[in-house]
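>>> got a structure for you, letters missing:
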Ligand SMILES: [Zn+2]
C-alpha cells in the first residue's frame, strides 16, 4: 500500500473514499442518522468519490488509541466494500493537531492492511492500494511527506516481523529465517550466521542444549548496523557504542521433554516473535539510517523432544561459564537468551534490550494490553515506557529484586531455570536473565512480549496473527532520543 501527501485543490477528486472523523454530537450532514459515537460509521456513496463518516466518541475523552482503532476499522470496512483508495484531509480534522492525527491515521490504516495467507488461491479480500493525506499548504505537505516516509519504512519492518512470526514451524525453520536475514545484508547492515559448530566453539552450551531435540540445525544471527560517521549523533555520551537488541527465536516450541498440552500448541510457531522483531528492526534500519550503531542477536532453534533432547535435571554450561540445572525443558527461552545476553558483552554496548515471548505468567499478570518490562536502569526503562505510550505498544514495569533469587537456587548448579512453586513467573524470567549479563552496569531492559506478540483473532481493526510488537516501539524510542536523521 502506497502512502503519499498532496496539496488540496490541485488534483481532480480521485475515485475512492474520503474518511472524516466526528466527535459525539457532530454530523456529516444535518439529516444524517449519525451521532459521532465511538465505533459508529456511516458510508455515504457518491458518483465520483465516496465519503465515510467515522465517530470518535466524546471530544474530552479523545486519545490516540481511539483514533488508531477507528482508523483501522474504517480501513477494514472500506477494503471489504472494494474501495481501493482513501483520502484524509487535514483541513477536516476536528482538533488542532492535524499533522499528528494524519500520522496516526496513516500508520493505523497502513498496518491494518497487512495480509498473511498460505492458501493456493489469492485471497478475495484485497487490501487498500493507496492513501493520500490532503494538506493545506506545500509546507505541510513537506512535513507530512517525510512523516509518511518514516511510517512506511517502520511499517515494512513490522510487516516483515509479522511474516516471520506467522510462518508455521515447518516453513519458518532456523535455516529459513537465517536465509531471509542474509538478504538484508548490504550497505550499512552486515549479517553473520553462526552455525552449530561455531556456537560449539564459542561455548554456547545453554543455547545448544535447547537445539539438541530437533533435527533442524540451529542458527545464531548477528546483525551489525554502523551509521556513516558523519551522521552519528555527536551529543550521545556513549557515541560509537551500539545498542544491542536480542530476540528470542524459538521457531517452534513444543516444550521439549517437559512437553506442553496439545491444546493451542500450534500457536507456538509465534515463539520466534522476539527474533522476528529484531530482523524487522534491521530491515527498517536500511531505510531509516539511525544515527547510532546497532547490533542484533537472534538465537534460532526449535524446542522438540527428540532422542537427543535435553532432559529435566540435566545441567548445562552456559557461555558465561555459569552452570544451569534445566528443571523444565519448556523454560528454554531463558537458556538461549542467557548465551545471547552474555555474547552481547563483546560489543561493549551502550544498552542491551531483549525481546522475548518468555513466560505464560506474563499474560496472567498483564493480559494482552501491556507487555512487561524489567530493567536494571530507571532511565532506560522510562524511555522505553514513554515510547510505548506514544506508539501504543505499552509496557508496564515489574521489579527485579534479589529477594527473588532464592526461588531459582539450584542444589547442584549455579542456578535452575524455573522457580520452586508458581511464584512470580515473569519476574523470575528477568531475574534469571540478569545473571547472564556480561556487565551488570550496562543498562539493560527485558521485554516479555508473551501475551502481546500475537492475537489469533485480531481486533480493533488489526489483522489476526502476529502483531510485530517491538519494531514500532524501538523506532519511537530512537526518534525520541534524536537518533533518527531528518528525512
Ligand atoms: Zn517453552
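Received, thanks. Being a predicted model, the structure only gives us computed values, none of them experimental.
>>> Poorly predicted segments of this structure, please.
9-14, 229-238 (pLDDT under 70).
>>> which element follows the longest helix seen in it toward the C-terminus?
Secondary structure of the chain per DSSP state H: the longest helix is helix 138-166. Downstream of helix 138-166, the next assigned helix or strand under DSSP states H and E is helix 174-182.
>>> got a list of what the residue of the stretch 51-200 of the chain found nearest the ion touches?
Nearest residue of the stretch 51-200 of the chain to the ion, counting by C-beta to the ion: residue 169, 13.2 Å away. Backbone N, C-alpha and C define where each C-beta goes, glycine included. Taking C-beta atoms under 8 Å, 6 or more residues apart in numbering as the criterion, residue 169 is in contact with 251, 252, 268, 269, 302.
>>> count of residues packed around the closest residue to residue 255 other than its chain neighbours?
Nearest residue to residue 255, sequence neighbours excluded (C-beta to C-beta, 6 or more residues apart in numbering): residue 330, at 3.8 Å. Residues within reach of residue 330, counting by other C-beta atoms under 10 Å, total 20.
>>> Quick check: which element contains residue 330?
Under DSSP H and E, no helix or strand contains residue 330.
>>> residues from the stretch 301-450 of the chain in reach of the ion?
Taking C-beta under 5 Å from the ion as the measure of proximity, the stretch 301-450 of the chain contacts the ion at 330, 332.
>>> 8 Å - rerun?
Proximity of the stretch 301-450 of the chain to the ion, by C-beta under 8 Å from the ion, involves residues 303, 329, 330, 331, 332, 333.
>>> Columns distance to residue 55 on top of the residues you listed, output as TSV?
Below are these laid out as TSV (distance: C-beta to C-beta, whole Å):
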residue	distance to residue 55
303	46
329	50
330	45
331	46
332	46
333	42
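>>> The ion: which of these is nearest?
residue 330 (4.0 Å).
>>> one step back: would you tell me what helix or strand the closest residue in space to the residue of the stretch 51-200 of the chain closest to the ion that isn't next to it in sequence is located in?
Spatially, and ignoring its direct neighbours in sequence, residue 169 is nearest to residue 252 (3.2 Å; C-beta to C-beta, 6+ apart). Using DSSP H and E, residue 252 sits in strand 249-253.
>>> now swap in residue 19 and tell me
Using DSSP H and E, residue 19 falls in strand 17-22.
>>> Quick check: neighbours of that strand in the sheet, parallel or antiparallel?
Strand 17-22 has its sheet partners listed here by DSSP bridges as strand 50-55 (parallel), strand 85-89 (parallel).
>>> most tightly surrounded among the ones you listed?
Across the strands paired with strand 17-22, the average number of neighbours (mean count of other C-beta atoms under 10 Å) peaks for strand 85-89, which reaches a mean of 22.
>>> That strand to helix 138-166, inter-axis angle?
130 degrees (axes from the mean of the first three to the mean of the last three C-alpha atoms, to 10 degrees).
>>> domains of the protein?
Under the assignment automatic domain parsing, the domains of the chain span 2-136, 155-481.
>>> What segments of the stretch 201-350 of the chain are helices?
205-211, 273-288, 333-344 (DSSP state H, counting those that start in this stretch).
>>> Let me have these in JSON lines, extended by mean neighbour count.
Compiled in JSON lines, these are given as follows (neighbours: other C-beta atoms under 10 Å):
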{"stretch": "helix 205-211", "mean neighbour count": "27"}
{"stretch": "helix 273-288", "mean neighbour count": "28"}
{"stretch": "helix 333-344", "mean neighbour count": "28"}
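>>> Now do the SS call for residue 105.
Three-state assignment for residue 105 (DSSP: H, G, I helix; E, B strand; the rest coil): helix.
>>> give me phi/psi at the nearest residue to it once chain neighbours are set aside?
Distances taken as C-beta to C-beta, 6+ apart put residue 71 closest to residue 105, at 4.7 Å, once the chain neighbours are dropped. Backbone torsions of residue 71, given as degrees, to the nearest 10, read phi -70, psi -50.
>>> what about residue 71, neighbour count?
Residue 71: 28 neighbours (other C-beta under 10 Å).
>>> Identify the residues contacting it.
With C-beta under 8 Å, 6+ apart, residue 71 has these contacts: 19, 54, 104, 105, 108, 109, 112, 461.
>>> Go again with 7 Å.
104, 105, 108, 109 (C-beta atoms under 7 Å, 6 or more residues apart in numbering).
>>> Could you do residue 376 as well?
Neighbours of residue 376 in contact, by C-beta under 7 Å, 6+ apart: 400, 434, 440, 443, 444.
>>> neighbour-wise, which of those leads?
Neighbour counts for the contacts of residue 376 (other C-beta under 10 Å) peak at residue 444, which has 28 neighbours.
>>> Quickly note the distance from that residue to residue 216.
From residue 444 across to residue 216, the span is 30 Å (C-beta to C-beta, to the nearest Å).
>>> still on that earlier bit, so what's the residue nearest to residue 169 bridging to?
residue 302.
>>> hang on, isn't it packed against residue 300?
No. Using C-beta atoms under 7 Å as the test, residue 252 is too far from residue 300 to be in contact (10.8 Å).
>>> quick one, which of these two is more surrounded?
residue 300 (30 against 24).
>>> if I look at the residue nearest to residue 107 when sequence neighbours are not counted, how far off is residue 198?
Leaving aside its chain neighbours, residue 107 sits nearest to residue 151 (4.8 Å; criterion: C-beta to C-beta, 6+ apart). From residue 151 across to residue 198, the span is 38 Å (C-beta to C-beta).
>>> what about the two, which has more around it?
residue 151 (23 against 13).
>>> quick one: contacts for the more buried one?
Applying C-beta under 7 Å, 6+ apart, the residues near residue 151 are 3, 103, 106, 107, 110.
>>> With residue 344 instead?
Here residue 344 is in contact with 244, 246, 297, 352, 438 (C-beta under 7 Å, 6+ apart).
>>> ok, now which ones touch the first one?
When the contact criterion is C-beta under 7 Å, 6+ apart, the partners of residue 244 are 295, 297, 344, 347, 349, 352.
>>> count of neighbours near the last one?
Neighbouring residues of residue 352 were enumerated by other C-beta under 10 Å; the total is 28.
>>> Kind regards, and thank you for your time.
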